[in-house]
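Visitor: Here's my sequence, what's the structure:
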Amino acid sequence: MHRTIETAIMEIRESAAMALTAVKVNKLRSILTLLGIAVGVFSIIGVMTAMTALLSSIQSGMSALGANTFQMQKYPMFETGTPAEQAKLRNRKDITYDQALRVKENATLASAVGIFGFADGGKVAVSPQGYKTNPNISVSGRDIEGFTANSWEIEDGRLYSMEELNSARRVAVLGMDVVKKIFPKVDPIGQKIRVDAHEYEVIGVVKARGGLMGGNGENFVVIPLTTFFNIYGKDQLLSIKVQAPSSDEYDNCMEQASGILRSARHVPPGEEDDFYIWSNDSVMEQFNDLTKYVRLGILIVSGIALLAAGVGIMNIMLVSVTERTREIGIRKAVGARKINILSQFVLEAVLLSELGGVIGIGLGIAAGDLIALLLHVPPVIPVEWVIIGFVSCSVVGIVFGVYPAWKAANLDPIDSLRYE
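Guide: Below is the predicted model:
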């Protein structure tokens with residue numbers, strides 16, 4: 001038994017060596033054949049690498065929601081659907097402060113309910129030293145639970161107090177990106193900044209933790225919600241952030257908060273919500289829905305490319321069998337069996353496929369990660385798709401290499417030796 005296994009291994013090694021020699025001898029033909037495989041695998045791996053990088057960034061950026069936290073807002077995270085569906089979303093009524101207060105006062109299962117809003121358009125923050133930010137910072141008004149529910153930590157200074165919130169004090173807490181831009185050389189605590197011609201005293205800095213999909217997660221100025229209303233008006237588009245006490249209470253807390261907001265907005269029983277609940281799962285689901293047709297299209301095109309490449313491999317192998325008829329006859333004359341000839345040509349087809357796969361996978365990962373870097377997303381290597389790529393190449397090589405190999409294995413040795 002042991003000797004039989006050793007013999008089989010030696011025969012496979014011999015067949016593999018002969019297949020590799022055949023690929024080296026016919027370099028141009030081999031290169032043209034494996035390019036077809038490389039293109040098909042490249043398109044799959046490139047797209048899936050970029051998608052994996054984006055998904056990884058979304059998952060790592062989910063800390064922006066905080067632990068066991070969901071957000072209730074007017075619009076979905078990603079706008080999809082027909083123009084009619086998008087128009088329906090735009091026609092939704094804003095979440096008002098009174099409605100948000102209803103949730104805050106009645107969501108008994110929540111450990112924290114925060115209310116917040118954003119000023120329209122990007123803003124510029126200016127320090128007394130003359131440093132300015134780009135006009136892309138966000139100005140957010142929040143109550144104190146808006147910090148708690150968001151799981152924000154104060155790295156330097158402090159959060160505004162309830163007294164400062166109630167009296168609408170002109171104080172501000174900055175994101176780390178703003179601090180780096182306008183206070184590169186001085187301690188920001190106690191400094192004054194101007195945003196939209198309004199002056200605030202900096203009392204705190206939020207600990208950095210990154211943004212969603214490589215975005216400017218720390219590029220913000222937060223002021224008390226009452227101050228926000230005084231400056232930008234109370235009639236603002238507001239959102240509600242709710243934190244459940246534990247993962248076990250998460251679903252019940254979400255159901256309770258949703259019911260309270262439906263009641264406050266007079267949504268009839270049986271009708272769908274006229275607001276959107278943003279949770280970790282919902283963001284992932286929306287992203288997958290947004291990209292599924294792109295991935296499906298790429299898979300179909302790549303499958304066709306691999307099919308065409310497989311047909312090319314079969315044609316090349318048939319030509320190779322014809323050219324090497326005399327070689328096959330000599331091998332059979334000196335004792336080679338059908339299985340030896342069959343394995344030699346199948347391994348040659350698989351070798352061509354795998355070489356093309358290596359090139360396609362390498363270029364695909366490079367292209368996908370280049371796209372990720374352009375989108376300011378950390379690069380990744382999609383291991384599962386790399387494995388799928390190699391398996392696909394092996395399948396293509398075996399499927400399209402079997403017929404030429406079978407034809408070679410069944411050649412008559414006498415006729416083969418006579419072949420010129």
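Visitor: Thought residue 345 was touching residue 317, still the case?
Guide: Yes: using C-beta atoms under 8 Å, residue 317 makes contact with residue 345 at a distance of 6.2 Å. From N, CA and C alone the C-beta is placed, and that goes for glycine too.
Visitor: Overlap of the contact sets of those two?
Guide: Jointly contacting residue 317 and residue 345 under the rule C-beta atoms under 8 Å, 6 or more residues apart in numbering are 401, 404, 405.
Visitor: How much space separates the last one from residue 323?
Guide: Put plainly, it is residue 405. 15 Å (C-beta to C-beta, to the nearest Å).
Visitor: and what of the first one?
Guide: For residue 401, the distance to residue 323 under the criterion C-beta to C-beta works out to 16 Å.
Visitor: picking up where we left off before, please pick the buried ones from the shared contacts of residue 317 and residue 345.
Guide: 401, 404, 405 (16 or more other C-beta atoms under 10 Å).
Visitor: Okay, and which of these map to helices?
Guide: Per DSSP state H, helices hold the following members of those: 401, 404, 405.
Visitor: Of those residues, which one scores lowest on pLDDT?
Guide: Within those, pLDDT reaches its minimum at residue 405, with 77.
Visitor: Now name the helix or strand holding the nearest residue to that residue once chain neighbours are set aside.
Guide: Nearest residue to residue 405 in three dimensions, chain neighbours excluded: residue 345, at 3.5 Å (C-beta to C-beta, 6 or more residues apart in numbering). Using DSSP states H and E, the element containing residue 345 is helix 338-374.
Visitor: What's the first helix or strand after the biggest helix by length in the chain?
Guide: Secondary structure of the chain per DSSP H: the longest helix is helix 280-323. Per DSSP H and E, the first helix or strand lying C-terminal to helix 280-323 is helix 325-333.
Visitor: Would you tell me what helix or strand residue 42 is located in?
Guide: Element membership of residue 42, judged by DSSP H and E, is helix 27-60.
Visitor: by how many degrees do that helix and helix 280-323 diverge?
Guide: 170 degrees (axes from the mean of the first three to the mean of the last three C-alpha atoms, to 10 degrees).
Visitor: now helix 27-60: how far from the chain's centre is it?
Guide: Chain-centre distance of helix 27-60: 16 Å, with C-alpha atoms, centre = their mean, to the nearest Å.
Visitor: now the angle from that helix to helix 338-374?
Guide: Counting by the same axes, to 10 degrees, helix 27-60 lies at 50 degrees to helix 338-374.
Visitor: ok, now which ones touch residue 129?
Guide: Residue 129 neighbours (C-beta under 8 Å, 6+ apart): 182, 183, 185, 186.
Visitor: Buried residues of the helix holding residue 345, list them for me.
Guide: Within helix 338-374, the residues that count as buried by 16+ other C-beta under 10 Å are 340-361, 363-365, 367-369, 371-372.
Visitor: Give the other helices and strands that it contacts.
Guide: Judged by 3 or more C-beta pairs under 8 Å, 6 or more residues apart in numbering; DSSP states H and E, the packing partners of helix 338-374 are helix 2-25, helix 27-60, helix 280-323, helix 325-333, helix 383-409.
Visitor: what about residue 232, distance to residue 264?
Guide: For residue 232, the distance to residue 264 equals 22 Å [C-beta to C-beta].
Visitor: what does residue 83 give?
Guide: 29 Å.
Visitor: Please apply the same query to residue 294.
Guide: For residue 294, the distance to residue 264 - C-beta to C-beta - is 38 Å.
Visitor: rewinding a little: can I get the buried ones among the shared contacts of residue 317 and residue 345 in a markdown table with distance to residue 269?
Guide: Below are these laid out as a markdown table (distance: C-beta to C-beta, whole Å):
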| residue | distance to residue 269 |
| --- | --- |
| 401 | 63 |
| 404 | 68 |
| 405 | 68 |
